[in-house]
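>>> dropping the sequence and predicted coords here.
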Amino acid sequence: MENNFAVKFESVSFSYNDVVVLKDASFHIHSGEFVAMVGPNGSGKTTVLKLLFNLEKPDNGTIDIVSSTSYVSQQMPSDNLFPITVRDIVRMGLLSPIKGYTKNNVSVEEALKKTGIVDLAERTYRSLSGGQKRRALVARALAANPRLLVLDEPTANMDADSESRLYETLGAYKGKMTILIVTHDTEFVSSLTDRVLCLGNEYKIVQHRTEENTAAHHAGAGHEARVLHEENISCC
């Protein structure tokens, strides 16, 4: 894959048995871009993620993605599975299936600092609020220093302050890594967003520009942008 692309999704079709989800769908994400993927529930967002991470195979088309990728799931792990500290959660981002833990405590401390949870480092994961847990999981992903960071509904269970802190953190990484946010909100995205990938239109993935919405702060989360659904842009 060319060095200036983090993701290439070309002419992809996919069906669950006889149920068509994607048909000749294409999009590219350039390295360093901040992109939002939007669509209502059932539009195919989860399927696209499964295809990107090789959990499903396309019926047709090709998919290329950079090898260094971190993913923050919409579903947070059960508290009972994590009777450990926040620092240990973040350190899991350094876990290699081949080499075990890499000794890069600088990455752990930097991730704790960037996400604003240094003061929570010695607390147990189960003692955190929903928003704090989400930030801990984002810190875990950032500790791996990925080239591509994918976040699925990252503001779920977050209050306005935690949401604002999250986007402040992601803003510090904009341009330094590629960031893909997946959300069901089809009208508004963070003003950090460069382009929007919109699903749910005749099995395609359509790209839109955004327009900053300074008149209102969506859910109290700082600057937002309105998705310009009436303005389609080319895939590249």
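In hand now; what should we look at?

>>> now the helices: where do they sit in this protein?
For the chain, the helices defined by DSSP state H occupy 45-52, 86-91, 105-114, 130-143, 160-173.

>>> what's the last one packed up against?
Right, the one you point to is helix 160-173. When contacts are defined as 3 or more C-beta pairs under 8 Å, 6 or more residues apart in numbering; DSSP states H and E, helix 160-173 packs onto helix 105-114, helix 130-143. Glycine gets a C-beta too; all of them are placed from N, C-alpha and C.

>>> got the angle for it vs helix 130-143?
For helix 160-173 against helix 130-143, the angle by axes from the mean of the first three to the mean of the last three C-alpha atoms, to 10 degrees is 10 degrees.

>>> list the buried residues for helix 160-173?
By 16 or more other C-beta atoms under 10 Å, the buried positions in helix 160-173 come out as 162-167, 169-171, 173.

>>> got a markdown table for the helices of the chain, with mean pLDDT too?
Below are the helices of the chain laid out as a markdown table (pLDDT from 0 to 100):
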| stretch | mean pLDDT |
| --- | --- |
| helix 45-52 | 96 |
| helix 86-91 | 93 |
| helix 105-114 | 89 |
| helix 130-143 | 91 |
| helix 160-173 | 88 |
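
>>> out of those helices, which is closest to residue 188?
Residue 188 lies closest to helix 160-173 among these, at 12.1 Å (C-beta to C-beta).

>>> residue 6 and residue 123, how far apart?
As judged by C-beta to C-beta, to the nearest Å, residue 6 and residue 123 stand 34 Å apart.

>>> ok, the two, which is more surrounded?
Higher neighbour count among residue 6 and residue 123: residue 6, with 26 against 15, using other C-beta atoms under 10 Å.

>>> could you check how far the more buried one is from residue 147?
Counting by C-beta to C-beta - residue 6 and residue 147 are separated by 6 Å.

>>> give the contact list for residue 195.
Taking C-beta atoms under 8 Å, 6 or more residues apart in numbering, we find residue 195 in contact with 33, 35-36, 207-210, 233.

>>> what sits closest to residue 156 if chain neighbours are left out?
In space, and not counting its chain neighbours, residue 156 is closest to residue 74: 6.1 Å by C-beta to C-beta, 6 or more residues apart in numbering.

>>> the one you found contacts residue 157, doesn't it?
No: Residue 74 lies out of contact with residue 157 (C-beta atoms under 8 Å); the separation is 9.9 Å.

>>> those two: which is more packed in?
Set residue 74 next to residue 157 and count neighbours by other C-beta under 10 Å: residue 74 wins out with 17 against 14.

>>> contact partners for that one?
Residue 74 sits next to 152-153, 156, 182 when contact means C-beta under 8 Å, 6+ apart.

>>> identify the farthest-apart pair in these.
Spatial extent of the contacts of residue 74 (C-beta to C-beta) is set by the pair 156 and 182 at 10.9 Å.

>>> residue contacts, the closest residue to residue 135 other than its chain neighbours?
Nearest residue to residue 135, sequence neighbours excluded (C-beta to C-beta, 6+ apart): residue 115, at 4.7 Å. Neighbouring residues of residue 115 by C-beta under 8 Å, 6+ apart: 135-136, 138-139, 142, 165-166, 169.

>>> of the residues you listed, closest to residue 226?
Sorting these by how near they are to residue 226, with C-beta to C-beta, puts residue 166 at the top with 19.9 Å.

>>> surely the closest one is in contact with residue 132?
No: the pair residue 166 / residue 132 is not scored as a contact, 10.8 Å apart, by C-beta under 8 Å.
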